[in-house]
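Asker: Any chance you could fold what I've pasted below:
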Amino acid sequence: MGFTNALRRLLVRTVDPQAASLYSSCVTAARQPKFYAELGVPDSLDGRFDLLLLFALLTMMRMKDAKAKQRLFDLMFADMERSLREMGVGDMSIGKKMKPMLAGFYGRAGAYEQALAESTDDKLIAALSRNLYGLKSGTADDAPTVASYIRLAVAKLAEQSDAELDAGRIVFPSP
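Answerer: Okay, the predicted model is just below:
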C-alpha cells in the first residue's frame, strides 16, 4: 500500500481534523523533491524523518494552543509507529524503535528553537548540518540555503492568521 493511501486511512480515523490537516501539510512540505534533489537533504529514512520533524516543529512553534500541539505531536508519532509496523517491525520492537525517534524529536526541537532565537544563522546552520544532513562535524554545503528557507518559513507562518491555523490550514513557502 502506498504512503498516500496509508496516510489517508490514518487521517480518516483521526478525530481531530485540525491535527490531521496540519500533519498532512507538514508531510506534503517535507516531501517536496527540491529538498532532496537540489538542497542535498539525504533521500533516506533519516533525511525524510528529520525534514518532517522540522516542519512539524515549525508548525508547533507557531501554534498557541498546547492541547492542539499535543494532538499534532500524537498524530505524527502514531503515523511513525504505523510506518514502522508497515516496514515489518514487530510489537516487541516498536518501543525500542520509537524511543530514539522521540528523543530525536525533543533534541532537535531544543536545538532548532534555540537556534531560531538567535539573530544570526550560525547555530541554525550547525543544527541543520548535524541533524538534517547527519554530519558529525563541519557544515553541509546547502545548510545555509535551508537555514534561509527556514527563516522565511517562520516569517510566513507568523503572517498566517490564528483562525486559519485553528482551522488546520497552514501554508509553507516553496523551497
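Asker: Now do the closest residue to residue 40 other than its chain neighbours, the pLDDT please.
Answerer: Spatially, and ignoring its direct neighbours in sequence, residue 40 is nearest to residue 142 (4.0 Å; CB to CB, 6 or more residues apart in numbering). Quick note: C-beta positions are derived from backbone N, CA and C, even for glycine. Residue 142 is assigned 96 on the pLDDT scale.
Asker: For residue 142, grab phi and psi.
Answerer: Backbone torsions of residue 142, given as degrees, to the nearest 10, read phi -90, psi 0.
Asker: Could you do residue 43 as well?
Answerer: Dihedral angles (degrees, to the nearest 10) for residue 43: phi -80, psi 70.
Asker: Hmm, residue 34 and it touching each other?
Answerer: No: when contacts are counted by CB atoms under 8 Å, residue 43 is not listed as touching residue 34 (11.6 Å).
Asker: Give me the residue ranges of this structure where confidence is low.
Answerer: Within the chain, the segments meeting pLDDT under 70 span 1-15.
Asker: For the longest helix seen in it, buried residues please.
Answerer: Longest helix of the chain, by residue count under DSSP state H: helix 91-117. Within helix 91-117, the residues scored as buried using 16 or more other CB atoms under 10 Å are 105, 108, 109, 111, 112, 115, 116.
Asker: could you pull out the helices for the chain?
Answerer: With DSSP H as the criterion, the chain has helices spanning 3-13, 17-30, 33-37, 45-62, 66-86, 91-117, 122-131, 143-159, 162-166.
Asker: Looking at the ones you listed, spot the one closest to residue 172.
Answerer: For these, proximity to residue 172 was assessed by CB to CB; helix 17-30 is nearest, at 4.2 Å.
Asker: What is the neighbour count of the residue nearest to residue 171 when sequence neighbours are not counted?
Answerer: Among residues not flanking residue 171 along the chain, residue 160 sits closest, at 6.7 Å (CB to CB, 6+ apart). Other residues near residue 160 number 13, with proximity taken as other CB atoms under 10 Å.
Asker: cool, residue 136 as well?
Answerer: 6.
Asker: Could you pull up phi and psi at residue 140?
Answerer: phi -70, psi 140.
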